[in-house]
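S.K.: make a model of this:
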Amino acid sequence: MSLIFRDMLNEDLDQIIKIELDLFDKTAWSKDLFLDELARMPDTRWYQVMLDQDQVIGYIGLAVNAEVADIQTIAVIEAAQQKGLGSRLLELAIKEAKNRGAQEMFLEVATQNEAAINLYRKFGFTQVSIRPNYYGTGKNAFTMKLDLVSR
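M.R.: Alright, predicted model coming up:
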């Protein structure tokens, strides 16, 4: 596997929307939502894709406003999961947030997504609250926080 990381482009969105639908089904982001986010780059947004032989196999999005960063989205195709690729994307986002002066980072994760929760805990994220019905009726999310100053 020969990985390339680069800025997300509008031309990547067909592949990304397919990944969104495969992984997130009813909570998948729309193409319009991604276009809106990409239009905010580089001012307050940062989106990266992870490519293997010109195929998008993962991506991450970050919003940074002053001292607060928020992971907007992160995904790795099912066939490439459990190989440390989510960690690589998260490491890039943490570095970018720190470079932009953020002192803390937040994200939301489905309460039943144990693999993702364990990944975030490995990086030092802690649970700060529960967001009821964040992903739809009865589908709650944890809000997690990472202190970037001490990292």
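
S.K.: C-alpha from now on. contacts and neighbour counts both.
M.R.: Noted.

S.K.: can you give me the buried ones in stretch 84-104?
M.R.: 85-87, 89-90, 93-94, 96-98, 100-104 (16 or more other Cα atoms under 10 Å).

S.K.: narrow the residues you listed to those in helices?
M.R.: Leu85, Gly86, Ser87, Leu89, Leu90, Ala93, Ile94, Glu96, Ala97, Lys98 (DSSP state H).

S.K.: if you skip the residues just before and after it, what's nearest to the third one?
M.R.: Spatial nearest neighbour of Ser87, chain neighbours left out: Leu119 (7.2 Å); criterion: Cα to Cα, 6 or more residues apart in numbering.

S.K.: quick one: the one you found is in a helix?
M.R.: Yes - the assignment for Leu119, made by DSSP: H, G, I helix; E, B strand; the rest coil, places it in a helix.

S.K.: distance-wise, check it relative to Gln103.
M.R.: As judged by Cα to Cα, to the nearest Å, Leu119 and Gln103 stand 20 Å apart.

S.K.: also Asp147?
M.R.: Distance of Asp147 to Gln103, given as Cα to Cα: 6 Å.

S.K.: do I have it right that the residue nearest to Ser87 meets Leu85?
M.R.: No - proximity of Leu119 to Leu85 does not meet the contact threshold set by Cα atoms under 8 Å, at 10.8 Å.

S.K.: a markdown table for the ones in helices among the buried residues of stretch 84-104, including distance to Pro42?
M.R.: Formatted as a markdown table, those follow (distance: Cα to Cα, whole Å):
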| residue | distance to Pro42 |
| --- | --- |
| Leu85 | 24 |
| Gly86 | 22 |
| Ser87 | 23 |
| Leu89 | 18 |
| Leu90 | 18 |
| Ala93 | 13 |
| Ile94 | 16 |
| Glu96 | 11 |
| Ala97 | 12 |
| Lys98 | 15 |
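
S.K.: just the element for the residue nearest the centre of the chain, please.
M.R.: The centre of the chain sits closest to Ile74, judged by Cα atoms, centre = their mean, with a distance of 2.5 Å. Per DSSP states H and E, Ile74 falls inside strand 68-76.

S.K.: which residues touch that strand?
M.R.: 19-20, 23, 57-64, 85-86, 89, 93, 97, 102-108 (Cα atoms under 8 Å, 6 or more residues apart in numbering).

S.K.: and it, which strands flank it?
M.R.: strand 55-65 (antiparallel), strand 104-110 (parallel) (DSSP bridges).

S.K.: fine, thanks again, bye for now.
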